[in-house]
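**Student:** Could you work out the structure for the sequence below:
(4 chains)
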2 protein chains.
Amino acid sequence: MRPNKREELVQKALDAYNRHGFQATGMDLLVRETGISKTSMYKHFSTKDDLILAVLERRDALFRAWLIERMQALGKTPIARILALFDVLEEWFAMPDFQGCMFIRAAAEYQDKTHPIRQQSARHKQQVEDILKNLAQEAGLENQGLLARQLVLLKEGAIIAAHVQLSATAAADAKAAARLLLGQ
Amino acid sequence: MRPNKREELVQKALDAYNRHGFQATGMDLLVRETGISKTSMYKHFSTKDDLILAVLERRDALFRAWLIERMQALGKTPIARILALFDVLEEWFAMPDFQGCMFIRAAAEYQDKTHPIRQQSARHKQQVEDILKNLAQEAGLENQGLLARQLVLLKEGAIIAAHVQLSATAAADAKAAARLLLGQ
DNA sequence: TTTGATGTGTACCGATCAGTAATCTTATGA
DNA sequence: TCATAAGATTACTGATCGGTACACATCAAA
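**Tutor:** Numbers count the residues shown, from 1 in each chain, chains lettered A, B, ... in the order given. You can find the predicted model right below:
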């Protein structure tokens, strides 16, 4: 089993799940869209859920790396970087293939709280929260825990507003609220 | 076609979709859980999507009526009622059958932006926002539009945090942030 | 008591679901 | 050049999908 084939599969499956959803993307559709045979897929991942978990892992790594990189590029101080979160969201929402947050969708499609896919989604959200908590700590702010949780509320709310309501101002509205939270 | 049978079907389908999700709830499962025959179902709704739309309409009516009633009961002034939104969320999150927001889940499961189910979800979110905007107007606050949108961000964020992250403080965190937005 | 509408039970349709088996092809390394 | 393993191809499994056909039961009104 060539590891690059595995990577190719995960990448292409990520695209497919992003476009059609998890349950709506059958293994046969995956074969059609990736050009990779079903036998090869099942050599790398013994079940569909295993593949989805690998896709979520990849998405988590890609998203967090992108988020950190953009926040650092757009802001020079810790507080500026926290506020830059919402500019990064704005960039994300404007992408033509924006379909909401993959982890929110995963949690929506897998109702069982104990399902590994649900736990992976919860872990992702926690890790993003930790990024914000660390920045708040760097900035010397008080109540970093509460502040990070509230910033996350604004972030998740903006994602929903942009995705479900198709709000064009979601990121800017959230940024204005974040300024208040930060006392800026 | 007796209208009460239709109501019974919509109510029981609402329960089933809430417990298992939309795509995961097949028509055969619905027959098993509701005790209503498939033939009767298809006499009232010609497709599964039509049934889901009726379920969402009912959920929208029930949720908004409940929200307004609880906000009025928990707060006596417009501002107190706005803040009571987050106490109502707390009550909701504590319910044993809480599975997140049905409209967020619907938007997550139906990726096509033009799908009627998506449009219904967007409409619901807009109508909740309008409730808050009206309260802000009653309170004589400025920038009612922005304020209502930001309160919605906190509400949606709290729903996601409570559902995906299983945050126990989501409603309280959101309420504290809302106090800042309201200048309270 | 008959009639027509409403509802039920059951069996079925073709399509698709996740997953498997067996055979053939291709690329790699010695 | 040859052996080995990865991948492709094709066909298949039993289960389930949304939706339908048809015969039978129930009920109300005429």
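**Student:** what's the neighbour count on residue A:38?
**Tutor:** 11 (other CB atoms under 10 Å in any protein chain shown). All C-beta spots, glycine's among them, are computed from the backbone N, C-alpha and C.
**Student:** Return the residues of chain A in contact with DNA strand D.
**Tutor:** A:1, A:2, A:5, A:35, A:36, A:37, A:38, A:39, A:40, A:43, A:44 (CB under 7 Å from any atom of the strand).
**Student:** Let me see the contact set for the third one.
**Tutor:** Residues in contact with residue A:5 (CB atoms under 8 Å, 6 or more residues apart in numbering or on different chains) are A:36, A:40, A:44.
**Student:** Okay, it and DNA strand C: tell me how far apart.
**Tutor:** Relative to DNA strand C, residue A:5 is positioned 11 Å away (CB to the nearest atom of the strand, to the nearest Å).
**Student:** And the next helix or strand past the helix or strand containing that residue?
**Tutor:** Using DSSP states H and E, residue A:5 maps to helix A:3-20. Downstream of helix A:3-20, the first helix or strand assigned by DSSP H and E is helix A:27-34.
**Student:** What's the mean pLDDT across that next one?
**Tutor:** Summarised as a single mean, pLDDT over helix A:27-34 is 92.
**Student:** Report the separation between the residue lying farthest from the centre of chain A and residue A:55.
**Tutor:** Most distant from the centre of chain A: residue A:39, at 29.4 Å, with distances by CA atoms, centre = their mean. Distance, residue A:39 to residue A:55, using CB to CB, to the nearest Å: 19 Å.
**Student:** What of residue A:13?
**Tutor:** For residue A:13 relative to residue A:55 (CB to CB), the value is 5 Å.
**Student:** Check residue A:14 too.
**Tutor:** The value you get for residue A:14 to residue A:55, if CB to CB is used, is 5 Å.
**Student:** who's more crowded, these two?
**Tutor:** It is residue A:55, of residue A:14 and residue A:55, that has more neighbours when counted by other CB under 10 Å, with 26 against 18.
**Student:** Does that one touch residue A:15 like I think?
**Tutor:** No. Under the criterion of CB atoms under 8 Å, residue A:55 is not in contact with residue A:15, lying 9.6 Å apart.
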